[in-house]
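Asker: When you get a sec, could you give me coordinates for this:
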Amino acid sequence: MQLRIDVDYPFTSRWTSFFYTLVGGKRFFSYWYRYLENSKIIANMINESKENVKAYWFFTYKTLPDGQMLELISNSKHEIGLHAVNNIDKELKKLERVTTLKIRYYTVHGIKRFFAKIIWKHFRKLKIKDEKLQLFDFELASVDRLCYDYDEDKAYNITKESISKGNVVHFHPDWLFQWATLNKHAPYYNVLEKLLNLSEQK
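Answerer: Numbering: from 1, shown residues only. Sure thing, here's the model as predicted:
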């Protein structure tokens, strides 16, 4: 089972994340309490799972993994990628400097609303120079969106069927326990727990 995890924002509080992003996401802010908390919960879940899982983590330049996060995803179940926003080459350098890794894959952080464009300073098209960097482009089963449209059992069944077709399970740590009516995301912790067979291991 392959997972694509887009780490858009670092905090469980949406407004704290917005403020953090607006002021620039400086590195020292990563020491704030509960930085990447949901991401760390998910990483622990993956590490505890006995399933054959490969998790691809896509971090923006404002959600760079801290030491604790890097330690959690330092095993073969995980790979780090770039969730690009404005300038792929500059953002890639920041991520590779923090992780000390050569990044292979990138995805694009979708920014549609005007407020989001302001806090991300997103007013230009992405350009890429590094020809070795590959777009992580696969069919997705977006669990946090499925949980918004359906109850947990149906969302789980649809996701399992999608996995059997070779699709990648996709979600954002932001919505692990929270609803987003405007963006149409819903909590998916229980579905992820079932996908990883953690409830049976307890």
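Asker: CA atoms for contacts and neighbours, from now on please.
Answerer: Will do.
Asker: least trustworthy helix or strand in the chain by mean pLDDT?
Answerer: helix 114-120 (a mean of 50; mean pLDDT, DSSP states H and E).
Asker: Do a quick rundown of the strands in this structure.
Answerer: 2-7, 54-59, 78-84, 105-108, 134-135, 140-142, 168-171 (DSSP state E).
Asker: ok, Arg97 - contacts?
Answerer: Shown in contact with Arg97 (CA atoms under 8 Å, 6 or more residues apart in numbering): no residues.
Asker: Could you do Lys50 as well?
Answerer: 196-197.
Asker: Report the separation between it and Tyr189.
Answerer: Distance of Lys50 to Tyr189, given as CA to CA, to the nearest Å: 17 Å.
Asker: Among the strands of the chain, which comes closest to Glu96?
Answerer: Taking CA to CA, strand 78-84 is the member of those nearest to Glu96, at 9.2 Å.
Asker: Next, the angle from the closest one to strand 54-59.
Answerer: Strand 78-84 runs at 30 degrees relative to strand 54-59, counting by axes from the mean of the first three to the mean of the last three CA atoms, to 10 degrees.
Asker: Strand 78-84 pairs with which strands, and in what direction?
Answerer: Paired with strand 78-84 in the same sheet, following DSSP bridges, are strand 54-59 (parallel), strand 105-108 (parallel).
Asker: burial count for Glu91?
Answerer: 20 (other CA atoms under 10 Å).
Asker: Could you double-check that it sits in contact with Ala84?
Answerer: Yes. The criterion here is CA atoms under 8 Å, and Glu91 meets it with Ala84 at 7.0 Å.
Asker: what sits in contact with each of the two?
Answerer: Contacts common to Glu91 and Ala84, judged by CA under 8 Å, 6+ apart, are 60-61.
Asker: one step back: now, of the strands paired with strand 78-84, which is deepest in the fold?
Answerer: strand 54-59 (a mean of 23; mean count of other CA atoms under 10 Å).
Asker: now it: mean pLDDT?
Answerer: Averaging pLDDT along strand 54-59 gives 98.
Asker: orientation of it relative to strand 2-7 in degrees?
Answerer: With the same axes, to 10 degrees as the basis, strand 54-59 and strand 2-7 are set at 20 degrees to each other.
Asker: Extract the CA atoms of strand 54-59 and return them as PDB.
Answerer: Taking Å, rounded to 0.1, in the frame of the first residue of the first chain, the C-alpha atoms of strand 54-59 are listed here in PDB:
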ATOM      1  CA  LYS A  54       5.400   2.900   1.700                       C
ATOM      2  CA  ALA A  55       4.600   6.500   2.800                       C
ATOM      3  CA  TYR A  56       5.700   9.400   0.600                       C
ATOM      4  CA  TRP A  57       5.800  12.600   2.700                       C
ATOM      5  CA  PHE A  58       5.500  15.900   0.800                       C
ATOM      6  CA  PHE A  59       6.600  18.900   2.900                       C
END
